[in-house]
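Here is a sequence with its predicted model. Questions after.
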Amino acid sequence: MPRVNLARPEVPAIIDPADPDGLVATGTQISGLEVLVPLWALPALPGEFDRLDLFWSGESDDRPVASESFTGPVDPTQFPFPLTVDKNLLQPDGQYQLWYTVTNDAGAVAPSDRRTVTIDTRPPSYDKQLLALLLPNDLVGGVINEAYLESHEDQVELRLPIPVYLDAQEGDAVDLYWSQNNPPTTSVVASVTVTQAQIDAEDIRIVLPGSAVRAPDRDGNFYATYKVRDRAGNETDSFSRETPATVALKPLPGGDLPEPEFPGADTYGYINCDDEPWNGIAVRISFVRNLFEYQDQITLYWQGYRTFNGSDPISGTEGVFTRTVSAQNVTDGYLDILVEPFIPHIEPILEGSALATYRLTKVSGQSGASEEGLVKINRKLPSGEICGPTTLAMLSDSRSGDGCSVCRKVRRFIARVFQAFGRGGRGK
């Protein structure tokens, strides 16, 4: 048999013949890699024989990983002939070369073209949880309403954060989930295939369609999360961190709801050291206009500020608290929500304030938002100390008899004097 180049081996149903990288679908290699060898030119005639040797670049070039002998005349119905690369050779991940040779009984050897094979079993982002999607800058307060959808082609364009997730590759698929539960209990609502240009620009976007926003037929708090699948079929182990957004497509009649109240605040709207804010700050939602009913949902939004008038926000103090209206709440005519824990929601506020708003979401799916409620927080004692649970214990230990009561009264009086004469307010 003369030395001629043979057709390259193929790996049917596992490798796309048109894929130059020869990417193996993850999981299919655990039983070994079946290779099909086509019938070569000038097969053995009667009285002759050919030897077929399969090679894998993970092994020595002179050591075949599979072999078979054929006595002439070679039966063409046996072809393409299957050989197997043992599963133990498909380690570790990487790019390999696969080829075969045919040797006749005279010792002449004909090699095939080489086939690239890529083994990839590691998911995108490895073991790191994907960061949360970014909402559009013009989606004020993260609220999706009809006006926003109408002015944005009935969609919300979300963007993957920078830097792009680890090991991002062209052809990765980003699957978007939209659900009131986290992790989501719904199926994929949108997908996008990543391009190299997007990876280079660190600008990967995915569109949340208006139809997906309307599908649940109710307002409320929703979460956008995503997963990434690579071309080999490896998928991130967990969902990304969640991106919260509020759907407000079914407004309640009568306009905005009244602002929340702070039952622990004094006449001047202050929470002081004597109120022990480290035990939490109560926010009260008073039920009005017969709108609040059993099993309605109330979501409170809290943000701390460095000033007494609700400006200069303190990053990290924000919080979202969701409660369901009980039968007792309906009887009482209000619902109290305790903002806690002290760290991180309150502790950074020394001489400042907090703004609280809430959204009522009816069982029917309608919703309405409240006006902002402001509470001033002063944790600075007349001595200049900042009060907290440790400070309070130290002060208590240092007092005895009537001294404790007297000190407390003096502190409270001085604090009230400062508050009454310009130590804060919305106009400051």
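Sure, I can see it.

My guess is C387 contacts I377. True?
No: proximity of C387 to I377 does not meet the contact threshold set by CB atoms under 8 Å, at 10.9 Å. No exception for glycine: its C-beta is placed from N, CA and C like everyone else's.

Those two: which has the busier surroundings?
I377 (25 against 21; other CB atoms under 10 Å).

and that one, what element?
For I377, the host element (DSSP states H and E) is strand 373-378.

can you list contacts of that strand?
Strand 373-378 has contacts (CB atoms under 8 Å, 6 or more residues apart in numbering) with 259-262, 265, 268-273, 277, 281, 283, 304, 308-310, 346, 349, 351-357, 415, 419, 423-426.

So which of these are in strands?
270-271, 281, 283, 304, 351-357 (DSSP state E).

Identify the residues contacting the closest residue to D86 other than its chain neighbours.
Spatial nearest neighbour of D86, chain neighbours left out: G32 (5.4 Å); criterion: CB to CB, 6 or more residues apart in numbering. G32 makes contact with 84-87, 90, according to CB under 8 Å, 6+ apart.

Please report how far the residue positioned nearest the centre of the chain lies from S370.
Nearest to the geometric centre of the chain sits S240, at 2.1 Å (CA atoms, centre = their mean). Distance, S240 to S370, by CB to CB, to the nearest Å: 30 Å.

cool, and N290?
16 Å.

Between those two, which has more neighbouring residues?
Neighbours per residue (other CB under 10 Å) separate N290 from S370, with S370 holding more: 20 against 6.

Which parts of the stretch 101-250 of the chain are strands?
109-111, 115-119, 143-144, 155-159, 173-179, 188-193, 205-209, 220-229, 243-247 (DSSP state E, counting those that start in this stretch).

Tabulate those in JSON lines, adding columns for mean pLDDT.
Shown next, in JSON lines, are the strands of the stretch 101-250 of the chain (pLDDT from 0 to 100):
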{"stretch": "strand 109-111", "mean pLDDT": "91"}
{"stretch": "strand 115-119", "mean pLDDT": "91"}
{"stretch": "strand 143-144", "mean pLDDT": "96"}
{"stretch": "strand 155-159", "mean pLDDT": "98"}
{"stretch": "strand 173-179", "mean pLDDT": "98"}
{"stretch": "strand 188-193", "mean pLDDT": "98"}
{"stretch": "strand 205-209", "mean pLDDT": "98"}
{"stretch": "strand 220-229", "mean pLDDT": "96"}
{"stretch": "strand 243-247", "mean pLDDT": "95"}
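
So which of those is nearest T236?
T236 lies closest, by CB to CB, to one member of the strands of the stretch 101-250 of the chain: strand 220-229, at 4.9 Å.

now the angle between strand 155-159 and that closest one, please.
For strand 220-229 against strand 155-159, the angle by axes from the mean of the first three to the mean of the last three CA atoms, to 10 degrees is 50 degrees.

quick one: contacts of stretch 327-342?
The contact list for stretch 327-342 (CB under 8 Å, 6+ apart) reads 263, 277-287, 292-294, 298, 300, 302, 319, 321, 323, 325-326, 345-346, 354, 356, 388-389.

again, only using 7 Å
278, 280-287, 292-294, 298, 300, 302, 319, 321, 323, 325, 345-346 (CB atoms under 7 Å, 6 or more residues apart in numbering).

Using PyMOL, define a selection of the buried residues within these.
To isolate the buried members of those in PyMOL, using 16 or more other CB atoms under 10 Å:
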select buried, resi 278+280+281+282+283+285+287+292+298+300+302+319+321+323+325+345+346
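
Which ones among the contacts of stretch 327-342 lie within helices?
H345 (DSSP state H).

I'd guessed F262 sits against V283; true?
Yes: if you go by CB atoms under 7 Å, F262 and V283 touch, sitting 6.2 Å apart.

and I144, how many neighbours?
I144: 24 surrounding residues under other CB under 10 Å.

Please tell me how far it sits from E318.
19 Å.

cool, and L338?
In terms of CB to CB, L338 sits 16 Å off from E318.

Sketch out the low-pLDDT regions of this protein for me.
Applying pLDDT under 70 to the chain flags the ranges 1-14, 391-428.

Please parse it into its domains.
28-119, 140-247, 270-420 (automatic domain parsing).

So which of those is nearest D16?
Taking the domains of the chain one by one with CB to CB, domain 140-247 is closest: 9.4 Å.

gap between the two ends of the closest one?
Its start and end residues considered, domain 140-247 measures 12 Å (CA to CA, to the nearest Å).

can you check stretch 116-123 too?
Stretch 116-123 end-to-end distance (CA to CA) = 21 Å.

Residues in contact with it: which ones?
15, 20-24, 26, 29, 90, 93-98, 230, 232, 234-237.

Just the buried residues from the residues you listed, in PyMOL please.
What follows is the PyMOL syntax selecting those of those that are buried according to 16+ other CB under 10 Å:
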select buried, resi 15+22+23+24+26+29+90+96+98+230+232+234+236
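
picking that back up, chain center to the strand holding I377: distance?
33 Å (CA atoms, centre = their mean, to the nearest Å).
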